[in-house]
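Enquirer: structure for the following, please:
(one chain, ligands or ions: 2)
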Amino acid sequence: MPQPTLLTGRVLRTLGSPFDLPPEEALRIEDGWGVMLEGGRIADIGPAEVLRQNWPQVTEIAYGKDLICPGFVDAHVHYPQTAIIASWGKRLIDWLNTYTFPEEMRFADPGYAAKIAARYLDLTAAHGTTTVCSFCTIHPASVDALMAEAQARGQRIVAGKTCMDRNAPEGLQDTAQSAYDDSKALLEKWHGVDRLSYAITPRFSPTSTPDQMAAMGALWAEHPDCLMQTHLSEQTDEIEWVKSLYPTARDYLDTYEAHGLLGANGLYGHAIHLEDRERDRLREVGAGLVHCPTSNTFIGSGLFDMAGLTGAGVRVGLATDTGGGSSFSMLRTMASAYEIGQLRGTPLHAAQLIWLATAGSAHALGMGDRIGALTKGAEADLAVLNLSSTPAIAQRAERAEDSWEELFATIMMGDDRAVRATWISGKVNA
Ligand code: GUN
Ligand code: ZN
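Expert: Ligands and ions are numbered 1, 2, ... in the order given. I've put the predicted structure just below:
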C-alpha cells in the first residue's frame with residue numbers, strides 16, 4: 001500500500017458541470033490547497049494549512065504553483081494503433097484498410113500485444129492520462145495484454161475485444177458465435193477484477209453482420225452492467241455504406257438499436273453527422289457520446305456539435321481516438337475541441353474543456369463517482385500540470401490575469417512537457 005501523502009499546490013475542484021452552471025462556479029482553481037492521498041484514495045481535500053493540521057507527520061510534496069487536477073480520462077482509444085498514429089493522407093475506410101488493419105493483424109502475436117500495451121500505458125501516463133477506454137483487436141490475447149499491464153500498474157481501465165465478421169481481412173475476422181464466446185470468456189475473466197472493466201465491443205456496423213450484432217446484443221443483455229462501445233456516424237461515406245448494408249434500418253443508430261445495442265451503458269464514438277431521430281433516441285436512453293476532435297480533423301470527418309448535444313442534455317466525453325487521433329495528449333485534444341467549437345461559433349471555456357477531459361469522460365464511462373474529480377473517497381488518480389512548461393507558454397502565462405487564463409494557455413499550447421507528475425492509485429507514475 002502506498003504511504004499516505006499530502007500533495008499541495010493549486011488544486012482544481014469540481015463542484016458541478018460547467019455545462020449546467022457558470023463554468024467558473026462549477027470548477028474552481030484554489031491556490032494553496034492540498035489533496036491528501038491514503039490507501040489509493042483521496043482521504044481529504046482543502047486548504048493546505050488545514051490539511052497539515054489534520055494530518056500531522058505525513059509526507060508533503062509541495063507542487064507550488066503547479067495545478068493538481070484529476071487524472072485525464074480518455075474515453076475512446078485503440079491502443080493497438082499506437083505504432084501507426086499520424087499515418088498520412090487517407091479518409092476513414094481507406095485509412096482502416098491501409099494502415100489500421102495490417103497493424104491490428106500483428107496482434108495475433110501475444111508478445112507484440114504485450115509490448116505495445118506496455119508502451120501505450122507508459123505514453124499515456126506520461127501525458128497525464130490515468131484511465132482509458134480502449135478497443136483491442138479481434139485477438140483475445142490483445143485484451144489479456146492490456147488488462148494484465150493495467151492490473152500490474154493498479155490502473156483503472158475499460159477494454160474489450162473488437163469484434164468483426166465481415167469487411168475486414170481474413171486474419172482479422174471472427175464469427176458471430178466466436179465473438180460471443182470469446183467476449184463472454186474475457187468478460188468473465190476480467191470484468192470487475194481490481195480496477196478493470198470489460199466493454200462489449202462490436203467495431204462498427206459495416207464490419208459486423210446482423211447475426212454478430214445480435215450476438216453482441218444478447219451478450220449485453222446478459223451483462224447489462226458492462227459498457228458497450230462502438231462507432232457511430234463518423235464520416236458521410238461511412239453512413240451511406242451502413243445504409244446500403246442495412247437497407248431496412250431507419251438510420252445508422254437503428255442498426256445498433258435493432259440488435260439490442262442501444263442503451264444507457266452504450267458509448268458511441270464520433271457521432272458527428274446525426275439525424276434528428278438519432279439525437280432524440282440517444283438522449284432518451286441516456287447513452288454516452290464521445291467527442292474525438294483530433295481524429296475528426298485528422299481523418300477529415302467533420303465538426304461535432306458539442307453545444308447542441310450538451311445543451312440537449314446528452315452525456316459527452318472526450319477522447320484522443322488514438323491512432324485515428326493525432327496525439328496521445330488530452331491537452332492537445334482539449335485544444336482541438338476548442339478549435340472545433342470556434343469553427344461552429346461556440347467556443348468552450350477552459351473549465352468546460354478540462355471538465356470534459358476529466359469528469360465528463362468519467363461520467364460518460366459511468367464512473368463519475370470514482371474518478372474524474374478530486375473529492376473525498378474518490379480514487380487517487382491525479383495529473384499535476386506545470387502551467388509554464390515551455391518558454392512560449394511561460395511568457396503567455398506571465399501576462400495572464402487569472403488562473404483560468406493561465407490554464408487556457410497550457411490547454412492550447414501544452415503537451416506532455418506540461419505534465420509534472422501522474423499519480424495512479426496514490427502512487428506517482430511519471
Ligand atoms: N471506425 C471503425 N473503426 C475505427 C477506428 O479504428 N478508428 C476510427 N477513427 N473510426 C473507426
Ligand atoms: Zn475509434
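Enquirer: how far does stretch 384-391 sit from its chain's centre?
Expert: For stretch 384-391, the distance between its averaged C-alpha position and the chain's averaged C-alpha position is 23 Å (Cα atoms, centre = their mean, to the nearest Å).
Enquirer: the nearest residue to residue 245 once chain neighbours are set aside and residue 395: what is the separation?
Expert: Leaving out its chain neighbours, the residue that sits closest to residue 245 by Cβ to Cβ, 6 or more residues apart in numbering is residue 206, at 6.0 Å. To be clear about C-beta, it is placed using only N, CA and C from the backbone, and glycine gets the same treatment. Plainly put, residue 206 is 48 Å away from residue 395 if you go by Cβ to Cβ, to the nearest Å.
Enquirer: same question, residue 225
Expert: Counting by Cβ to Cβ, the gap from residue 225 to residue 395 is 49 Å.
Enquirer: related to what we said a few turns ago, which one of residue 206 and residue 395 has more residues nearby?
Expert: residue 206 (19 against 11; other Cβ atoms under 10 Å).
Enquirer: residue contacts, the more buried one?
Expert: Shown here is residue 206, whose contacts under the criterion Cβ atoms under 8 Å, 6 or more residues apart in numbering are 166-167, 238, 241-242, 245.
Enquirer: farthest-apart pair in those residues, please.
Expert: Between all members of the contacts of residue 206, the longest pairwise span (Cβ to Cβ) is found for 166 and 238 and amounts to 14.7 Å.
Enquirer: compare the two and say which is more crowded by neighbours.
Expert: Counting neighbours by other Cβ under 10 Å for residue 166 and for residue 238 shows that residue 238 has the greater number, 23 against 13.
Enquirer: was I right to think residue 160 contacts residue 220?
Expert: No. Judged on Cβ atoms under 8 Å, residue 160 makes no contact with residue 220 at a distance of 10.9 Å.
Enquirer: re earlier: how much space between the residue nearest to residue 245 and ligand 1?
Expert: Taken as Cβ to the nearest ligand atom, to the nearest Å, the spacing of residue 206 relative to ligand 1 amounts to 8 Å.
Enquirer: local confidence estimate at that residue?
Expert: Taken from the predicted model, the pLDDT recorded for residue 206 is 98.
Enquirer: my guess is residue 14 contacts residue 371. True?
Expert: No. Counting by Cβ under 8 Å, residue 14 sits too far from residue 371 to count as a contact (11.1 Å).
Enquirer: now for these two: what residues contact both?
Expert: Counting by Cβ under 8 Å, 6+ apart, the common neighbours of residue 14 and residue 371 are residue 70.
Enquirer: get me the contact residues on this protein for ligand 1.
Expert: When proximity is defined by Cβ under 6 Å from any ligand atom, the chain lies next to ligand 1 at 78, 92, 96, 100, 203-204, 231, 234, 295, 321, 324.
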